[in-house]
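In: Pasting the sequence and the predicted model now:
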Amino acid sequence: MTDTLTPDEIAALFTRADGQFLFARWGRPIVPVVFGTDDATLSVVKGAVEAVVALAGHQMAETDPELGANLMLFFFRDWRELPEVPGLDRLIPDLGPLVAKLEATEANQYRIFRFDERGAIRACFVFLRMDVHLSAVPAETLALSQIVQSVLLWSDAAFQDRSALAALPGGAVVLRPEIGALIRASYDPVLPMVSQEPSHALRLAARLGQSGAH
């Protein structure tokens, strides 16, 4: 039996630590590119993107007219490798100070979103420093987790207490059904791409009931 998210639970997933409600989804087709990994992991990541985009009812494309690729995932061992990536400092102007901060906190992942003039997501940069913790996570689990967290602008505290994924009895890891239903509802074309109104959670909750009836 799957849990159904309440409006308050949905609102919490998009309410930031400073108390601001902010919902945003992608406003353009997603074009992924992966750096720093082998072909096997590359295919796993792209498979995760395709699965989550299909779940959302959104689109992918071969190229983004503005950036070429707009969902960029970087796998590396040391934060100091990032400033050496050609052109990355143009995409992320404050890259130097950011790397120093992430090094100081010994972070192993970081995500940056960019938005269009409407406030919809136009790009996402995902940085994964493959320390002992991340290296121990199966590629399929890591990829699915990262793509789920990149398909919407979740709260900065959204999945700290409970993962978006769940382990099945056989050991396979899947997206929690209620989170999958919320992603699908979030991409309902009737709903706005961006909202700063907590009442948006009520509209999402109403569509969860409809999706559960199919």
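Out: Yep, it's here.
In: Report the backbone C-alpha coordinates of the biggest strand by length in the chain in CSV.
Out: Counting by DSSP state E, the longest strand found in the chain is strand 121-129. Taking Å, rounded to 0.1, in the frame of the first residue of the first chain, the C-alpha atoms of strand 121-129 are listed here in CSV:
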residue,chain,number,x,y,z
ILE,A,121,14.4,25.7,-14.6
ARG,A,122,16.6,26.1,-17.7
ALA,A,123,19.8,24.3,-16.5
CYS,A,124,21.1,22.2,-13.7
PHE,A,125,24.7,21.4,-12.8
VAL,A,126,25.3,18.3,-10.6
PHE,A,127,28.7,17.8,-8.9
LEU,A,128,29.5,14.5,-7.3
ARG,A,129,32.8,14.0,-5.5
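In: just checking, R111 is part of a strand?
Out: Yes. The assignment for R111 (DSSP: H, G, I helix; E, B strand; the rest coil) places it in a strand.
In: Which residue is the nearest non-sequential neighbour of it?
Out: Spatial nearest neighbour of R111, excluding adjacent residues (Cβ to Cβ, 6 or more residues apart in numbering): V126 at 5.3 Å. Bear in mind the C-beta positions are built from the backbone N, C-alpha and C, glycine included.
In: contacting residues around that neighbour?
Out: For V126, the contact set (Cβ atoms under 8 Å, 6 or more residues apart in numbering) comprises L71, M72, L73, F74, Q109, Y110, R111, Q146, S150.
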